[in-house]
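> need a structure here:
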Amino acid sequence: MTAAHPTAHPGRPAGLPFFVYGTLRPGEINHDLFLRGRTRSEEPARLPGAVLYDGPGYPYAVEEPGGTVSGELVTAHPEAYQELLAGLDRLEEYVPGSPRNLYERVERRVVRVADGSAVHAWVYVAAPAVTARLRSRGKPIEGGDWLLR
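Predicted coordinates for the structure are as follows:
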């Protein structure tokens, strides 16, 4: 399901957590710039049904059955949620409904590594035009983990 803007969820007044898999992961260039001090928790997680492709200095998750992408499930502090959501949309150059998007922000099920529990989260996946280009001539990242590339 593609979601154009934040959705209210029972028990989650601040909105969905985020699944990050590239430059927003701990130790990567955008983690401190965007996430430090704004998160309540960050925990290892996996996105089933996606393959990771190498991009120009950052990766793209492409939805594909059978693949798995490794990353972090990030839960924002409630008071920082809207600012963080807007900042991540700007970083990913995501504008709801724009045909020029490189990424689409979608709600997907991710799985916590620690206990195998599933949770819904926002994920920035490759937009349709980018997906088509990557599938035809992109370079998949073996194992689906940006940190091990």
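
> so how far is residue 94 from residue 101?
Distance, residue 101 to residue 94, by C-beta to C-beta, to the nearest Å: 6 Å. C-beta here means a position set from N, CA and C on the backbone, and glycine is covered the same way.

> same thing with residue 119?
21 Å.

> buried ones in the strand ranked longest in the chain?
In the chain, with assignment by DSSP state E, the single longest strand is strand 59-76. Neighbour counts over strand 59-76 (16 or more other C-beta atoms under 10 Å) mark 59-63, 67, 69-76 as buried.

> Equivalent analysis for stretch 27-36, please.
In stretch 27-36, counting by 16+ other C-beta under 10 Å, buried: 28, 30, 31, 34, 35.

> Now go through those residues and say which are in helices.
residue 30 (DSSP state H).

> got the buried residues of stretch 27-36 as a markdown table, with pLDDT columns?
Output for those, formatted as a markdown table (pLDDT from 0 to 100):
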| residue | pLDDT |
| --- | --- |
| 28 | 96 |
| 30 | 97 |
| 31 | 97 |
| 34 | 96 |
| 35 | 96 |
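
> wait, which of the buried residues of stretch 27-36 is closest to residue 125?
Closest to residue 125 out of the buried residues of stretch 27-36 is residue 30 (17.1 Å), distances taken as C-beta to C-beta.

> For the closest residue to the closest one other than its chain neighbours, what are phi and psi?
Among residues not flanking residue 30 along the chain, residue 23 sits closest, at 4.2 Å (C-beta to C-beta, 6 or more residues apart in numbering). Per-residue torsions, residue 23: phi -70, psi 0 (degrees, to the nearest 10).

> per-residue pLDDT, residue 23?
Here, the pLDDT recorded for residue 23 equals 97.

> more crowded one of residue 101 and residue 94?
Neighbour tally, residue 101 and residue 94, criterion other C-beta atoms under 10 Å: the higher count belongs to residue 101, 20 against 17.

> any idea what the more buried one is structurally, helix, strand or coil?
For residue 101, the assignment made with DSSP: H, G, I helix; E, B strand; the rest coil gives coil.

> Relative to residue 131, how far out is it?
11 Å.

> Now find how far off-centre stretch 27-43 is within its chain.
13 Å (C-alpha atoms, centre = their mean, to the nearest Å).

> I meant to write stretch 22-30 there.
Using C-alpha atoms, centre = their mean, the offset of stretch 22-30 from its chain centre is 12 Å.
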